[in-house]
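**Student:** No letters, just coordinates:
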């Protein structure tokens, strides 16, 4: 019966650890193997740490876009779209090198989700280094619940997101290192500790979280304009903010955050 515990697989790939949690017992190892093969193909194509990857060779000028797998053009088109949607704060170039990493992971997980769904799975979760896509339920009609790490204390949660068919992406100084750069000024942005974005797909949620972090203090104004996505921001001074549609189940802090924002106050 769908919703019961099925199988769980952990795969080191794309410079992180990807956990695939399938709750439908009718789904076999073959579907999970197809997902892991896909993720390794993505890694071989897009890793900026491999000199032989298509994206590295394209950046070096040793091959043209026409020589690359068609997925490269698909991802670069996505990057162009996201650069426009984020007013240039999602930047595919880093240190004058082509680096679409900010969209590749989310996009790869969305495609992995499609592989599992095509195999018949309706209840699964894919966690790629803390960026998560949830499909269906965790069991017995219960929603999936995932925690948003407190950027100041990784042993604690800043929020918990509960949902079905939902993507959750967080970008923060803990994940990206101490230096977050505004692509317009090339100056370090220090106002924010983390940005979490939730929505229907991980491709956009991940890119929006990355862009939101780079925007600094202006991030909430932009995040509030997004259609179909909600956001939760933790500032460097420990205060927080969220969009009106963001629902957190976490303790008193989370509920107070929602209540304060509903009254039109920023914490």
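**Tutor:** Received, thanks. The structure presented is a predicted model; accordingly, all values stated were derived computationally and were not measured.

**Student:** Three-state assignment for residue 146, please.
**Tutor:** strand (DSSP: H, G, I helix; E, B strand; the rest coil).

**Student:** which residues does it contact?
**Tutor:** Counting by C-beta atoms under 8 Å, 6 or more residues apart in numbering, residue 146 touches 125, 127, 132, 134, 160, 161, 168. In this view, the C-beta of every residue, glycine as well, is placed from N, C-alpha and C.

**Student:** Can you tell me the SS state at the first one?
**Tutor:** It refers to residue 125. Applying three-state DSSP: residue 125 is strand.

**Student:** what helix or strand is the nearest residue to it once chain neighbours are set aside on?
**Tutor:** In space, and not counting its chain neighbours, residue 125 is closest to residue 21: 4.5 Å by C-beta to C-beta, 6 or more residues apart in numbering. Following DSSP states H and E, one finds residue 21 within strand 16-22.

**Student:** Walk me through which strands that strand pairs with, and which way each runs.
**Tutor:** Here strand 16-22 has these sheet partners by DSSP bridges: strand 7-13 (antiparallel), strand 124-128 (antiparallel).

**Student:** Show residues contacting the shortest one.
**Tutor:** By that I understand strand 124-128. Against strand 124-128 from outside (C-beta under 8 Å, 6+ apart): 14, 16, 18-24, 27, 35, 105-106, 108-109, 112-113, 116, 132-136, 138, 144, 146, 202.

**Student:** Check which residues of stretch 235-246 are buried.
**Tutor:** Going by neighbour count (16 or more other C-beta atoms under 10 Å), the buried part of stretch 235-246 is 235, 236, 240, 241, 242, 243, 246.

**Student:** brain fart, stretch 161-176
**Tutor:** Going by neighbour count (16+ other C-beta under 10 Å), the buried part of stretch 161-176 is 161, 166, 167, 168, 169, 170, 171, 172, 173, 174, 175.

**Student:** now that stretch, how far from the centre of its chain.
**Tutor:** Centre-to-centre, stretch 161-176 and its host chain are 6 Å apart (C-alpha atoms, centre = their mean, to the nearest Å).

**Student:** Over that stretch, what's the mean pLDDT, rounded is fine.
**Tutor:** For stretch 161-176, the mean pLDDT works out to 86.

**Student:** ranges for the helices of this structure?
**Tutor:** With DSSP state H applied, the chain shows helices at 29-46, 54-60, 70-85, 101-118, 173-176, 202-215, 219-223, 251-262, listed in chain order.

**Student:** Export those as a markdown table, with columns for distance to residue 190.
**Tutor:** What follows is the helices of the chain, written out as a markdown table (distance: least, C-beta to C-beta, whole Å):
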| stretch | distance to residue 190 |
| --- | --- |
| helix 29-46 | 29 |
| helix 54-60 | 29 |
| helix 70-85 | 23 |
| helix 101-118 | 19 |
| helix 173-176 | 9 |
| helix 202-215 | 11 |
| helix 219-223 | 13 |
| helix 251-262 | 22 |
